[in-house]
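Colleague: need a structure here:
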Amino acid sequence: MDTNWLSDLASNSLGDFDVTEGLDIELSALAIRARYDEDIAWQLLERLAWKIVRFVRRFQYWDLDPFELDDVVQESYLVYRETLQRWRPRPVNGIATGYLYFFLKAFPHRLAEAVRRWRRPTRVPMIRERWNALATIEGSRVEDFCRNLAPEDATLLRLRLTRGLSVPLAAETMGLPRRTAYRRWHHILEMGREYLREAG
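Modeller: Now for the predicted structure:
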């Protein structure tokens, strides 16, 4: 599972911290500002990154394919932003508190919920079956199939079939966001199924 951007943040995070009243007050103050300030939101994410990496890595033990494992990493950022909006400050002597406790309780639960929402149990064998079938296309048939694809999709397919690049490496080569490359790859697999069906 690629957690590079999270791991980079984690190197400057609070690490595996113990929850204290003072730390909760500090991070709660940041959380209020982070709702409206992107720079502050990133600072808070950086402080919590070690914990987020730990929560994300639990999904290594789920029955997920590589596409979905990368999606978990991306989903973790969306869930982090969701916790900012859902948290309700608990005033104590006029000071906002409670974000850290809320985050540690809500984040892993909501991340698991998010993964369950988009996860489909039949997706892994379906993807493997379609890729194995598509990998049988050789020579002139590759170019014939590529004529049915958008230019970037055709390039992605050639990098996968002829150079053996993984989707992340192909995305890097093409200058595409990884999530976009995976989305395109799923479309290519669907098109490949139709092509092979028609070709007999």
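Colleague: give me the distance between K105 and H186.
Modeller: K105 is 34 Å from H186, where distance means C-beta to C-beta, to the nearest Å. To be clear about C-beta, it is placed using only N, CA and C from the backbone, and glycine gets the same treatment.
Colleague: show me which of those two is the more surrounded one.
Modeller: H186 (16 against 11; other C-beta atoms under 10 Å).
Colleague: which helices and strands does the host helix or strand of the more buried one pack with?
Modeller: Element membership for H186 (DSSP states H and E) is helix 178-199. Applying 3 or more C-beta pairs under 8 Å, 6 or more residues apart in numbering; DSSP states H and E, we find helix 178-199 packed against helix 66-86, helix 123-134, helix 140-146, helix 151-161, helix 167-174.
Colleague: is it true that L23 touches F17?
Modeller: Yes. L23 is within contact range of F17, at 6.6 Å (criterion: C-beta atoms under 8 Å).
Colleague: circling back to that earlier point, buried residues, the helix holding H186. List them.
Modeller: Going by neighbour count (16 or more other C-beta atoms under 10 Å), the buried part of helix 178-199 is R178, A181, Y182, R184, W185, H186, I188, L189, M191, G192, Y195, L196.
Colleague: mean confidence for that helix?
Modeller: Across helix 178-199, the average pLDDT comes to 76.
Colleague: most distant residue from the middle of the chain?
Modeller: N93 (39.3 Å; C-alpha atoms, centre = their mean).
Colleague: pLDDT at P66, what is it?
Modeller: At P66, pLDDT is 64.
Colleague: renumber starting at 43 from here on
Modeller: OK, 43 is where the count begins now, so the last one is P108.
Colleague: in this protein, which residue is most central in space?
Modeller: The centroid of the chain falls nearest to Q116 when counting by C-alpha atoms, centre = their mean (2.4 Å).
Colleague: excluding its backbone neighbours, what's nearest that residue?
Modeller: Computed as C-beta to C-beta, 6 or more residues apart in numbering, the closest residue to Q116 that is not its neighbour in sequence is R221, at 5.7 Å.
Colleague: then S70?
Modeller: Nearest residue to S70, sequence neighbours excluded (C-beta to C-beta, 6+ apart): Y141, at 4.1 Å.
Colleague: so what's that neighbour up against?
Modeller: D66, L69, S70, L72, A73, W129, P131 (C-beta atoms under 8 Å, 6 or more residues apart in numbering).
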